[in-house]
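**Q** Quick one: sequence and predicted model below, then my questions.
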Amino acid sequence: MRKKYVTSLIVDGELLVNPIHILQAFTDFYKNLLGKSVPAFPCNLQALYGQQPSYLQLEEPFTPHEVHRAVLTLAKNKASGPDGLPNEFAREKWGVVGHDIMRIFEDLYSFNLNLTGLNLANIILLPKTQIATSLSSYRPISIINYIPKLIAKVLASRLGQHINAMISPSQTGFIKGRLIHENFLTAREIIAHLCTCKEPAIMVKLDFYKAFDTVNWTFLLNVLTVLGVPPKFIAWVELLLTTASSAVLLNNLTGEVFRHQQGLRQGDPLSPFLFIMVADVLSKMCQAAAISIPFRLSNRLRYPFQVLQYADDTLIFCTVKGKAVQSLKLVLATFSLCSGLNLNLNKSSFVPLNLSPAQINSVTSILNCDMAQLPLSYLGLPLTTNRPTRDVYHQLIEKIERKLAGWKNKLLSRAGRLTLVTSVMTSIPIFFMSVFKLPSWVIKTIDKLRRNFLWGRSPGAATGIPLLAWDRVCLPKPLGGMGVLNLKPLNISLLLKWLWRLFDVQNSQWAVLTRSMLASRSHTSPLTWTARGSFFWKDLMTLRHIFSISTYFTLGDGKDALFWLSDWGNGRLNFFNCTSKSFKPYVTVYKVCQHLSSSLQAPWNRDVHNAVLYLSSITTSDTRDTCFWKWNSSGCFTVKSAYKALAFAGKIDFQAALIWRAKLPPSIRIFTFLLFQDRLLTQDALLKRNILLQHGCSLCEATCLETATHLFCLCPYTQELWSKVNNLFPSFQFLRHTDIKQLIFEAVCNVRFNRNHTKSVLFCTVLWATWLERNNRIFRGAARNTEALLHWVVSQQELFLKFC
């Protein structure tokens, strides 16, 4: 709450502390930004795009199934707009309000719907930095009324089915199947390539001032028209734009309502698609300008410009030969005048690549922006030609450490800590691991942080004894583990994705450019490109053996499948163990077919004889080889299937898997799992760890060594509790023997077959109550008799059955 409350603001050098004055300052700022428009500069968009297909499906009548699906896809637990209706409103009461909502969409289709006054939003302000003191250092997020938000969601769902065909591959934002990391990897490979071939060029990093808030509506609607969007759909979009109004909501105060004249709402489901349509025009303008420039970035990059876009984050590589830089500046100025997106020169910069001081001065005077040096941050990652330094990795580790506040370790339950480890602490390095192969010391350091936090171990303290080996913790729950992701196989799985995209994804700009920059010949497989590329590509090449044994090819032209290492013979031939016989282990099937005698430089043996016989029986075609992923029934690569293949080599522990599916609170599930694995810190377990304590059961005060079997089965106190439970629930009759593992299996694991959740919940609640009673007596000196404990068990069981 403290972060959301704006206590002070600096406007024109004056410090404002009065909440009303601060609210008025923000209202005036956004009223001037969104409530006024600048006439659009005319642009011949038809010449940029040419003839485009018509997407007539976009203006078909709305169906109840389509609208209901949009209702279900609106995110839960989100703030409601000024109308107070949450996203769960129609989801829970569709049978009641569904008919009325469909009438709204029927009126929308026939243009009988007036959204004026209804298309209202509250603008909430999120600080971009830790210390935000200016008007521009806050990001406006619009919380929209339910009906216009639902209309935008339906339109976005329709547009999303065709957006991939409308937008250039250079744009990777908001489009399903395109990855944010593609731009980062493409930029890194281009930089490495240009540095290798010593071609003079610049990398321009653009920043647009309030990009979403300054989009010109006339320009946007013209873009929709040339892209083939039908008129009725464009009219619906225009209706949402022209009826929009907003008010700033700040410090529990609501400002004056104002009408929008330009810009797109951040928080509107349709806005991302509309914005990338506008941003894509810049890429088209660069392509058009390149026609008149007789130079290219390099021999392998045939254009003078290379544009990379993720929403409004834009990188442009430009040669400095001829008038290329002047042409780029003209393109940027034209785009700004047409679209309304103005360059922020204070935050824009260029990076010189192989330039002399005179060339740097010339570029600086033309672009009128600052010069930057590598490494620099791009899309949240360090962009450089070299491997990340230890300082970069330490920043990643410190980011994880900041999530581990001391109070979380002390106050969170083991179930809460497990959730934090699996969701937050593991997700932080995933973004980094998608493009970097982490050194082993980094993985060990992160694992140490995760392990200590999971078991409640504080730095310098003797508390928090690990109850399970970390390798076992990282096993999935079906294998008897706790489901924490293992970082090393996860890192490999994330990197294998890029090898797969080279073979499978046709519209990936990274794949196309990588092939053009790294392929030594047109008939070589990507798995043979070892001598070129950045350090990232060399890291990928260390994984090609894993990739080869995980894929198989259906032969086309034979230019992608490796003769010795790839599985391309429909299971008839297997040459994985024959590579030592060949001096060219990475030769392709195509090359073997073309030059049989020189490619198979090996002693004559049965394997080579079989290969020659098989090659003589096949024919190649002009189509590319088709690659299939072995570890997925669909034949398509997924990180999940790769991770399973790398990390889940073992026999499934069926009994342990069922414990995690029991209808119990997370804390009791973890407790039952640890008891099933004999990992609770009873006295015999403490003795194994050389922690000497006085022998004796705290429940029955016997002098014997406390074990799990004694505590939960043989102890007179526990037996009395079980007897009362059996009397209260005579149909269950627990504790027929003293094998605690078998008892858990009978009561908990068999629920998969008999569906008796009451029995499993009651059984685990008794175990949990016994353990809590034992701990209370040892650490707090508090004791309850079996009657009081039974009453607690019954009350807790009812709660668990109701809410779990």
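**A** Okay, I see it.
**Q** Would you mind identifying the next helix or strand past the least confident helix or strand in the chain by mean pLDDT?
**A** Lowest by mean pLDDT, DSSP states H and E among the helices and strands of the chain is helix 751-754, with a mean of 47. Sequence order places helix 757-779 as the next helix or strand after helix 751-754, per DSSP states H and E.
**Q** give me the number of residues near the residue lying closest to Thr7 once chain neighbours are set aside?
**A** Here the nearest residue to Thr7 in space, its sequence neighbours aside, is Val17; by Cβ to Cβ, 6 or more residues apart in numbering that works out to 6.8 Å. No exception for glycine: its C-beta is placed from N, CA and C like everyone else's. Val17 has 10 neighbours, counted by other Cβ atoms under 10 Å.
**Q** and Val17, what pLDDT?
**A** In this model, Val17 is scored at 92, pLDDT.
**Q** What of the one 4 residues further on?
**A** You'll see His21 listed with a pLDDT of 94.
**Q** ditto for Ile400
**A** 89.
**Q** How much space separates it from Ile446?
**A** 6 Å (Cβ to Cβ, to the nearest Å).
**Q** which neighbours do those two share?
**A** Met425, Pro429 (Cβ atoms under 8 Å, 6 or more residues apart in numbering).
**Q** who has more neighbours, these two?
**A** More neighbours surround Ile446 than the other of Ile400 and Ile446, with 21 against 18 (other Cβ under 10 Å).
**Q** show me what contacts the more buried one?
**A** Ile446 touches Ile397, Ile400, Met425, Pro429, Leu487, counting by Cβ under 8 Å, 6+ apart.
**Q** hmm, 7 Å instead?
**A** If a contact means Cβ atoms under 7 Å, 6 or more residues apart in numbering, then Ile446 has Ile397, Ile400, Pro429, Leu487 as its contacts.
**Q** Turn those residues into a markdown table, including distance to Ala152 and secondary structure.
**A** Converted to a markdown table, these look like this (distance: Cβ to Cβ, whole Å; DSSP: H, G, I helix; E, B strand; the rest coil):
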| residue | distance to Ala152 | secondary structure |
| --- | --- | --- |
| Ile397 | 41 | helix |
| Ile400 | 37 | helix |
| Pro429 | 35 | helix |
| Leu487 | 39 | helix |
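**Q** Let's see if you can find the most crowded of the residues you listed.
**A** Pro429 leads those on contacts (other Cβ under 10 Å) with 23 neighbours.
**Q** how about stretch 383-395: buried residues?
**A** For stretch 383-395, the neighbour count (16 or more other Cβ atoms under 10 Å) marks Leu383, Thr384, Thr385, Pro388, Val392, Tyr393 as buried.
**Q** so what's the first one closest to, chain neighbours aside?
**A** By the measure of Cβ to Cβ, 6+ apart, the closest residue to Leu383 outside its immediate chain neighbours is Leu376, 5.6 Å from it.
**Q** Could you do the last one as well?
**A** Of all residues not flanking Tyr393 in the chain, Val442 sits nearest, at 4.9 Å (Cβ to Cβ, 6+ apart).
**Q** Confirm the one you found sits in a helix?
**A** Yes - under DSSP: H, G, I helix; E, B strand; the rest coil, Val442 falls within a helix.
**Q** pLDDT score assigned to it?
**A** We have a pLDDT of 96 for Val442.
**Q** Val473 versus that one, what's the distance?
**A** From Val442 to Val473 the distance is 19 Å (Cβ to Cβ).
**Q** same check, this time on Met102
**A** Using Cβ to Cβ, Met102 is found at 50 Å from Val473.
**Q** Look at the two and report which has more neighbours.
**A** When Met102 and Val473 are compared for neighbours, Val473 comes out ahead with 21 against 15, by other Cβ under 10 Å.
**Q** Leaving out chain neighbours, which residue sits closest to that one?
**A** Met482 (4.8 Å).
**Q** Helix, strand or coil: sort out the one you found for me.
**A** Per three-state DSSP, Met482 ends up coil.
**Q** Buried residues of whichever strand or helix holds Leu185, list them for me.
**A** Secondary structure from DSSP H and E places Leu185 in helix 180-197. Buried positions in helix 180-197, judged by neighbour count with 16+ other Cβ under 10 Å: 180-194.
**Q** Then stretch 792-800?
**A** Result for stretch 792-800 [16+ other Cβ under 10 Å]: buried residues Val793, Gln796, Gln797, Phe800.
**Q** In helices, which of those residues fall?
**A** Members of these lying in helices (criterion: DSSP state H): Val793, Gln796, Gln797, Phe800.
**Q** which residue sits closest to the last one in space, ignoring its chain neighbours?
**A** If I follow you right, that is Phe800. Spatial nearest neighbour of Phe800, chain neighbours left out: Val761 (5.1 Å); criterion: Cβ to Cβ, 6+ apart.
**Q** doesn't Pro665 make contact with that neighbour?
**A** No - Val761 is beyond contact range of Pro665, at 9.7 Å (criterion: Cβ atoms under 7 Å).
**Q** shared neighbours of these two, anything?
**A** Common neighbours of Val761 and Pro665, using Cβ under 7 Å, 6+ apart, are Phe800.
**Q** mind checking how far Leu376 is from Ser349?
**A** According to Cβ to Cβ, Leu376 stands 8 Å off from Ser349.
**Q** circling back to that earlier point, closest one to Ile10 out of the buried residues of stretch 383-395, please.
**A** Leu383 (32.3 Å; Cβ to Cβ).
**Q** Next, the contact list for the closest one, please.
**A** Leu383 touches Phe184, Ala187, Arg188, Leu374, Pro375, Leu376, counting by Cβ under 7 Å, 6+ apart.
**Q** measure the fifth one to Asp312 for me?
**A** Using Cβ to Cβ, one obtains 22 Å as the distance from Pro375 to Asp312.
**Q** for the third one, same thing?
**A** Remark: distance between Arg188 and Asp312 (Cβ to Cβ) = 21 Å.
**Q** about what we covered before: between Val761 and Pro665, which has more neighbouring residues?
**A** Between Val761 and Pro665, counted using other Cβ under 10 Å, the more crowded position is Val761 (25 against 20).
**Q** How much space separates the spatially most central residue of the chain from Val794?
**A** By Cα atoms, centre = their mean, the chain has its centre lying nearest to Phe431, at 7.2 Å. Going from Phe431 to Val794 by Cβ to Cβ gives 47 Å.
**Q** helices or strands next to the helix or strand that Val281 is a member of in the packing?
**A** Per DSSP H and E, Val281 falls inside helix 271-290. If contacts are counted by 3 or more Cβ pairs under 7 Å, 6 or more residues apart in numbering; DSSP states H and E, helix 271-290 sits against helix 45-49, helix 146-160, helix 217-226, strand 305-310, helix 324-339.
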